[in-house]
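In: any chance you can model this:
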Amino acid sequence: TKNWLFATGLQYPLFQNPNQNQFLWGVWKDTDKFSYFSNYPRGKALMRMPDIMFRIERSFRFSRFSWHTGLLNIIHTAEDVFTAPNGSRIRATGSAGLVVNLLNTLEYKFSVSNGVRFVYGQKLRNNDISPSGLSREYVLSLSYFQQF
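Out: Residues are numbered from 1 along each chain as shown. Coordinates of the predicted model:
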């Protein structure tokens, strides 16, 4: 129906070999920040695996206001791979699996063609680790849009 959104998508990393993407917490070893940075997984020469996304959303529309709420489910299809300090390739155990996010959007239209949008996303379920750093507890976004 017009009040429901069902969407799917594929995120496939096209260009990642050879790459310089990395996070090595060892460089922080002799600083007071080491305990903070060592909580994050290492990611030297990270090879990121594809994601499959499924989104379901319900809309509630009024004259100028609308509210959308739903779930964004992301399946990280396999474990990411990175290079260890000794040069060996290691699978990032715990990086594959289902991620679930709650999405809420408030929208106000100034006219038929433009308005503002406030988006709030909150993590409900995450994988054990995320070497790519693409993990957040929540996300806020405020945007202006113009349709033509």
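In: so how many other residues sit close to Arg61?
Out: For Arg61, the count of nearby residues is 13 (other Cβ atoms under 10 Å). Any C-beta I mention is one placed from the backbone N, CA and C, and that applies to glycine too.
In: contact partners for the nearest residue to it once chain neighbours are set aside?
Out: Closest residue to Arg61 apart from its sequence neighbours, by Cβ to Cβ, 6 or more residues apart in numbering: Asn3 at 7.5 Å. Asn3 makes contacts with Arg58, Ser59, Phe60, Arg61, as judged by Cβ atoms under 8 Å, 6 or more residues apart in numbering.
In: tell me the contacts of the residue sitting nearest the centre point of the chain?
Out: Central residue of the chain (Cα atoms, centre = their mean): Leu134, 4.8 Å from the mean position. Listed by Cβ under 8 Å, 6+ apart, the contact set of Leu134 is empty.
In: Ser141 too?
Out: With Cβ under 8 Å, 6+ apart, Ser141 has these contacts: Arg117, Phe118, Val119.
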